[in-house]
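> A predicted structure for the sequence below; I have some questions about it.
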Amino acid sequence: MRGTVALAIGLVLAGCGQQERKASPDDAPGAGLEEAAIRAGIVIDPARRDPVGAFGSATDKICIVPQGDNYRVGASVDYGDRQSCVARGIATGRDRLRLTFGEECTFEAEFDGARITFPATLPRACDSRCTGRATLTAVNAGRLSSAEAEARAMRGPDGQPLCG
């Protein structure tokens, strides 16, 4: 019994003098995992995101090239049989890209470093860039290349360069 009491007193004394460490934002659950994923190249470092490049899916294409402090952007949707959209304009921002395809067709698209996604609702003026039943709403395109040359080479359904 005397050994048990001595052990308990020793544990209490060992705990004395230790200061409680304050949590920092880096101690948040998952922070270490995110840092490891960035180092491994699995996740794009938000500080180094660059939207320049070519993006695409089965029917959707987006190109982004530098133009001064902003970007030149082109987007197209092609369902065939005269069902398509072509929009050319400018973009600003990084994570949320503000796209302007003419005076009345302006909206924000999400950019996570690997995909660009247009919102499900766009200004009515954006409809003028489409024929038939095609629409620019909810365009969702993954990165095909981060090369500016490939982005400049993308063509719309009208045969013209998207980012020309």
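Received, thanks.
> ok, how many other residues are close to residue 99?
A total of 25 residues lie near residue 99 under the criterion other C-beta atoms under 10 Å. C-beta coordinates here come from the backbone N, C-alpha and C atoms, glycine included.
> From residue 80, how far off is it?
24 Å (C-beta to C-beta, to the nearest Å).
> give the contact list for residue 120.
137-138 (C-beta atoms under 8 Å, 6 or more residues apart in numbering).
> Mind telling me what element it is part of?
Using DSSP states H and E, no element contains residue 120; it sits outside every helix and strand.
> can you check residue 158 too?
Assessed by DSSP H and E, residue 158 sits outside every helix and strand.
> Let me know whether it touches residue 87 as I believe.
No - contact criterion C-beta atoms under 8 Å: residue 158 and residue 87 do not qualify, at 11.0 Å.
> Can you pick out the residue with more neighbours from these two?
When neighbours are counted by other C-beta under 10 Å, residue 87 comes out ahead of the other of residue 158 and residue 87, with 23 against 11.
> Who is the more buried one paired with across the strands?
Beta-bridge pairing of residue 87 under DSSP bridges involves residue 75.
> Give me the distance between it and residue 156.
In this structure, residue 87 and residue 156 are 9 Å apart, going by C-beta to C-beta.
> Need the overlap of contacts for the two.
With contacts taken as C-beta under 8 Å, 6+ apart, residue 87 and residue 156 have 74, 76 as neighbours in common.
> Buried residues in stretch 98-113, which are they?
Of the residues in stretch 98-113, those scored as buried under the neighbour-count criterion (16 or more other C-beta atoms under 10 Å) are 99-101, 105-107, 109, 111, 113.
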